[in-house]
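Student: Please work out how this folds:
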Amino acid sequence: MRILVTAGPTREFLDPVRFLSNASSGLTGFLAAQAAQARGHRVVLVAGPTTCPAPEGVKLVPVVSARDMHRAVLKAFPETDAVVMTAAVSDYRPVRTSRHKLKKTGAGQMLELAPNPDILADLGRRKKHQILIGFALEDRRAESNAIDKFRRKNLDAVILNSPAALGRRTNRVRVYTRDGWQQWPAMSKQRLGEKIIRLAERLCCAL
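Tutor: Down below sits the predicted model:
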């Protein structure tokens, strides 16, 4: 199979030194890419800024912003069998980015934001034979929000986790597919990456 994995946060710059981002380490995505390569798949890993080492044998495409990631993913998508979208993409970006460092004035400032592309929804509209696996990071109405995401974005599976997983080396997730919910036990992110790739394989075989 040809598997596309996205990982890590994106950065949306306010000026040359400040940006909007989140606490994603990218570890789950990097380990999923490593697991896919170890199982003999051809892997493209589109990753935002992280400190994770590039998995051996995986084509790494480094990006910074959500729009960078959007372009890279759309380029790779037509030649892909399955997408594992673990990246924590910024929903918004500043409308204006200063060319110079913004100086402190002592006064408050208003920050105007514009929505970033919804990469997973865009893939859901474009997909033909591909399998799409998305993540839902939820802290309230978790299951209903995850199911809503599954339906709106035309996914084949959504993996539900909580903000507590950010920056940790273990995770406990629930997985929703057309067959309903599965509860996966707490496990290392390495083991989680392996299970996600096996899930992608099963979903591809079921097409």
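
Student: Quickly find the element holding Arg140.
Tutor: Arg140 belongs to no helix or strand when elements are defined using DSSP states H and E.

Student: now it: how far from Arg168?
Tutor: Per C-beta to C-beta, to the nearest Å, Arg140 is found 20 Å from Arg168. Backbone N, C-alpha and C define where each C-beta goes, glycine included.

Student: more neighbours, the two?
Tutor: More crowded of Arg140 and Arg168, by other C-beta atoms under 10 Å: Arg168, with 11 against 6.

Student: for the more buried one, what are its contacts?
Tutor: Lys189 (C-beta atoms under 8 Å, 6 or more residues apart in numbering).

Student: ok so it is a helix residue?
Tutor: No - read with DSSP: H, G, I helix; E, B strand; the rest coil, Arg168 is coil and lies in no helix.

Student: Looks like Arg93 contacts Ala66 (just checking).
Tutor: Yes - counting by C-beta atoms under 8 Å, Arg93 does reach Ala66; the two are 6.6 Å apart.

Student: can you pull out the helices in the protein?
Tutor: 27-38, 66-76, 119-126, 142-152, 189-205 (DSSP state H).

Student: Pick the most deeply packed of the ones you listed.
Tutor: Across these, averaging neighbours per residue (mean count of other C-beta atoms under 10 Å) puts helix 27-38 on top, at a mean of 26.

Student: Which elements pack onto that one?
Tutor: strand 2-7, strand 42-47, strand 82-85, helix 189-205 (3 or more C-beta pairs under 8 Å, 6 or more residues apart in numbering; DSSP states H and E).

Student: Need the residues touching each of Arg93 and Ala66.
Tutor: Residues touching both Arg93 and Ala66 (C-beta under 8 Å, 6+ apart) are 12, 116.

Student: related to what we said a few turns ago, please identify which of the helices of the chain is closest to Leu111.
Tutor: When the helices of the chain are compared by C-beta to C-beta, helix 66-76 sits nearest Leu111, at 16.4 Å.

Student: can you list contacts of the closest one?
Tutor: For helix 66-76, the surrounding residues in contact (C-beta under 8 Å, 6+ apart) are 4, 6, 10, 12, 44, 46, 48, 61, 63, 83, 87, 89-90, 93, 116-117, 119, 122-123, 126.

Student: and if we set it to 10 Å?
Tutor: The contact list for helix 66-76, computed with C-beta atoms under 10 Å, 6 or more residues apart in numbering, reads 2, 4, 6-12, 44-48, 59, 61-63, 65, 80, 83, 85, 87, 89-93, 115-120, 122-123, 126.

Student: among the residues you listed, which ones are buried?
Tutor: Neighbour-count burial (16 or more other C-beta atoms under 10 Å) applied to those gives 4, 6-12, 44-48, 61, 63, 65, 80, 83, 85, 87, 89-90, 93, 116-120, 123.
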